[in-house]
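1. Following is a predicted model, sequence given first.
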Amino acid sequence: MPVGDLRDKWLALYGAEPPAAYGKAQLVRRLAWRVQELRYGGLSDMARRRLREIADGDELASGKQRPPRRKRRLLAPGTRLVRHWHGVEHVVIAAADGGFEWNGTRCRTLTAVAKAITGQHWSGPRFFGLVGPGKERS
């Protein structure tokens, strides 16, 4: 579709002229979004709330503070994880503060433990078999 027709379509769908700086690719993407939005609805209430939280968090100059991040407790305190790696048994114990004890050291995350064991970046929950591939927790 020529750019002129895309701009006419924009006017029909948005009720205003498109920004002059928008090229054909940008017009197509935004029009596709608008058509889907009109057909299937816009963002979910949860997505709108999350975007509002993010936007409000950026207004730190006005005195607002970002809400604290919630830590997801993956394991109960005292849980023992055992993993054999290259013939060596590694035991990790979940601490009450959300950290982990391994080999006489404290680590904040399972990922840090997995990296210390392997020397490479690994997802800690995946390394210890708590989640499978493609099933990472968000």
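-> Structure's in. What do you need?

2. low-scoring stretches of the chain, by residue?
-> Residues of the chain meeting the criterion pLDDT under 70: 58-74, 133-138.

3. So which elements touch the helix ranked longest in the chain?
-> Taking DSSP state H as the criterion, the chain has its longest helix at helix 24-40. Contacts defined by 3 or more C-beta pairs under 8 Å, 6 or more residues apart in numbering; DSSP states H and E place helix 24-40 against helix 3-14. C-beta here means a position set from N, CA and C on the backbone, and glycine is covered the same way.

4. Now do the helix it packs on against helix 24-40, angle only.
-> Orientation of helix 3-14 against helix 24-40 (axes from the mean of the first three to the mean of the last three C-alpha atoms, to 10 degrees) gives an angle of 30 degrees.

5. Could you check how far the closest residue to Leu38 other than its chain neighbours is from Val3?
-> Among residues not flanking Leu38 along the chain, Leu13 sits closest, at 7.3 Å (C-beta to C-beta, 6 or more residues apart in numbering). Leu13 sits at a distance of 15 Å from Val3 (criterion: C-beta to C-beta, to the nearest Å).

6. show me what contacts Arg83?
-> 89-90, 92, 117, 127-129 (C-beta atoms under 8 Å, 6 or more residues apart in numbering).

7. how about a cut-off of 6 Å?
-> Contact criterion C-beta atoms under 6 Å, 6 or more residues apart in numbering gives 90, 128 as the residues in contact with Arg83.

8. doesn't it fall inside a strand?
-> Yes: remark: Arg83 belongs to a strand, assigned using DSSP: H, G, I helix; E, B strand; the rest coil.

9. what's across from it in the sheet?
-> Beta-bridge partners recorded for Arg83 (DSSP bridges): His90.
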